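Novice: Build me a model:
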Amino acid sequence: MILKNARIVLEDGVQEGSLCIENGKIAWISGCSDGYGIDLGGMYLAPGFVDQHNHGSPKHWFFDHPAEAAQWHLWEGTTSLLCSLWRNSGRYSYEKSYENIMNAMGPDSPIRGIHMEGPYLDPDFGCEKDDEWLIDREQYLRLMNLGRGIIRQWTFDPTREGAELFAKEAQKENIVLAICYSRATPELLETYLKYGLRIGDHIFDASGVPEPRHAGAREPGSDHFVLVEDRMIAELIADSQGVHVKPYDLRLTYKCKGADGIALISDCCTGGDPQEGDVNIVNGELYGSQLTLSVAIRNMKKHTGASVCELVRMASTTPAKTVGLYRDRGSIAPGKVADLVVLDEELQVKGVFLGGKIIRREF
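Specialist: Residues are numbered from 1 along each chain as shown. Below is the predicted model:
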């Protein structure tokens, strides 16, 4: 299959030309648009989006209906995602959640693994407060064993008792660690870089700061650490109402981290009231979003003026690198899987390819 007359979004620029798909992979890229092929009419051809933090769709949680939730995001251009398991997954059963997700994985699915958002977090932060889970070595070793090879990211609070032993075990399993829901100081967080701490979970949301040592002063917390530390990737929920992250903070993060330090995420959750947009509210409380990455890149463009290449890096390349998917996905290059998205001038999704198979075609 040849896709011609496309503006192909590469990591370092946009190339006009054609792309050939053979056996589900990108065979070659050419600067020529003549000859046989599917004409994209000058639209953008970008790598499919990679969502490393996603709990489900508006109607289905990943822990109990992963296939249905994944298909909703795939239609909007997310060709790779991690199923994020929150406290409700644990009450349902982490073991059963794992089983459901692994059964849904396959060549026709964008599911690439699991993100454990907890349960070892500060119960004072986030939705469903006061639900405290102590770091249980027997539990996390069992979960790591059950999810070996598919748990790619784990969010935890390093101030909890037993956190360092947990981090060491996660590192053995090649699990990338993330910080949120914590009052940890930058000094403490710095000591966890050696264990693979690399992600600031949805910064500016449910992230705490240490108690001030001096009246009138503000102590730096995990968000500050993420913005300053070059090895940390900042997750951003760029919702349409600017509720999770205010436009000023989107610009601040973009200025501090650049496209290579930002992973756009949906943090999509099931149920609730989207407030005539994509911000999810349950019982008056902020509860994730009903966002897709296709919407997030347009919001990020609006508030930061980032280029198409930068937006694609934030939605595809950076998260793919962060959670270990970059060898096969996250950018356009010969030999990589043909997970692709077609975008018009307004960055609306007009086509989706998963492993070279056409999922959506509006061109």
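Novice: and stretch 346-362, what's its mean pLDDT?
Specialist: Averaging pLDDT along stretch 346-362 gives 98.
Novice: That stretch: end-to-end distance?
Specialist: 14 Å (C-alpha to C-alpha, to the nearest Å).
Novice: Any buried residues in that stretch, and which?
Specialist: Judged by neighbour count (16 or more other C-beta atoms under 10 Å), stretch 346-362 contains these buried residues: 347, 349, 350, 351, 352, 353, 354, 355, 356, 359, 360. From N, CA and C alone the C-beta is placed, and that goes for glycine too.
Novice: I'd like these written out as a markdown table, with secondary structure added.
Specialist: Conversion of the buried residues of stretch 346-362 to a markdown table gives the following (DSSP: H, G, I helix; E, B strand; the rest coil):
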| residue | secondary structure |
| --- | --- |
| 347 | coil |
| 349 | strand |
| 350 | strand |
| 351 | strand |
| 352 | strand |
| 353 | strand |
| 354 | strand |
| 355 | coil |
| 356 | coil |
| 359 | strand |
| 360 | strand |
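Novice: quick check, nearest of the residues you listed to residue 114?
Specialist: residue 354 (19.5 Å; C-beta to C-beta).
Novice: Can you tell me the element the residue sitting nearest the centre point of the chain falls in?
Specialist: Centroid-nearest residue in the chain, with C-alpha atoms, centre = their mean: residue 52, separated by 2.6 Å. Assigned by DSSP states H and E, residue 52 belongs to strand 49-54.
Novice: the strands in the stretch 251-363 of the chain, which residues?
Specialist: Secondary structure of the stretch 251-363 of the chain by DSSP state E, counting those that start in this stretch: the strands cover 262-264, 279-282, 285-289, 340-343, 349-354, 357-361.
Novice: go on, the stretch 1-150 of the chain?
Specialist: So, for the stretch 1-150 of the chain - with DSSP E, counting those that start in this stretch - the strands run 2-10, 13-22, 25-30, 38-39, 44-47, 49-54, 78-85, 111-117.
Novice: and residue 316, which of these is closest to it?
Specialist: strand 44-47 (4.4 Å).
Novice: contacts for the closest one?
Specialist: 3, 6-9, 14, 19, 79, 308, 312, 316-317, 320, 329-332, 336, 339-344, 347 (C-beta atoms under 8 Å, 6 or more residues apart in numbering).
Novice: For stretch 203-222, list every residue counted as buried.
Specialist: Buried-residue list, stretch 203-222, by 16+ other C-beta under 10 Å: 203, 204, 205, 206, 207, 208, 209, 210, 221, 222.
Novice: what about it, start to end distance?
Specialist: End to end - C-alpha to C-alpha - stretch 203-222 spans 8 Å.
Novice: what distance separates that stretch from the centre of its chain?
Specialist: Its chain's average C-alpha position is 25 Å from that of stretch 203-222, according to C-alpha atoms, centre = their mean, to the nearest Å.
Novice: and what of stretch 159-171?
Specialist: 23 Å.
Novice: So what's the residue count around the residue lying closest to residue 57 once chain neighbours are set aside?
Specialist: With sequence-adjacent residues excluded and distances taken as C-beta to C-beta, 6 or more residues apart in numbering, residue 57 is closest to residue 72, at 3.7 Å. Neighbourhood size, residue 72 [other C-beta atoms under 10 Å]: 17.
Novice: Over to the one 5 residues further on?
Specialist: Taking other C-beta under 10 Å as the criterion, the count of residues near residue 77 is 32.
Novice: CSV please, covering the strands of the stretch 251-363 of the chain and showing distance to residue 43.
Specialist: Below are those laid out as CSV (distance: least, C-beta to C-beta, whole Å):
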stretch, distance to residue 43
strand 262-264, 21
strand 279-282, 29
strand 285-289, 27
strand 340-343, 5
strand 349-354, 6
strand 357-361, 12
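Novice: Which one, of those strands, ends up nearest to residue 34?
Specialist: That would be strand 340-343 among those, by C-beta to C-beta, at 19.8 Å.
Novice: so which of the buried residues of stretch 346-362 comes closest to residue 100?
Specialist: residue 354 (20.4 Å).
Novice: Mind listing the residues bridging to the closest one?
Specialist: residue 357 (DSSP bridges).
Novice: ok, it to residue 107 distance?
Specialist: According to C-beta to C-beta, to the nearest Å, residue 354 and residue 107 sit 8 Å apart.
Novice: With residue 145 instead?
Specialist: With C-beta to C-beta as the criterion, residue 145 and residue 107 are 26 Å apart.
Novice: Then residue 114?
Specialist: 18 Å.
Novice: Which one's more surrounded, the two?
Specialist: Of the pair residue 114 and residue 107, residue 114 is the one with more neighbours under other C-beta under 10 Å, namely 29 against 8.
Novice: pLDDT wise, what is the more buried one at?
Specialist: Reported pLDDT for residue 114: 98.
Novice: tally of neighbours for the spatially closest residue to it that is not a sequence neighbour?
Specialist: Of all residues not flanking residue 114 in the chain, residue 151 sits nearest, at 4.9 Å (C-beta to C-beta, 6+ apart). Residues contacting residue 151 under the criterion other C-beta under 10 Å number 22.
Novice: check contacts around residue 151.
Specialist: 113, 114, 115, 116, 143, 144, 173, 175.
Novice: Equivalent analysis for residue 3, please.
Specialist: 18, 19, 20, 21, 37, 38, 40, 45, 340.
Novice: and which of these is nearest to residue 247?
Specialist: Nearest to residue 247, judged by C-beta to C-beta, of the contacts of residue 3 is residue 45 at 29.0 Å.
Novice: what stretches of the stretch 1-150 of the chain score poorly on pLDDT?
Specialist: Confidence mapping of the stretch 1-150 of the chain against pLDDT under 70 gives the ranges 128-130.
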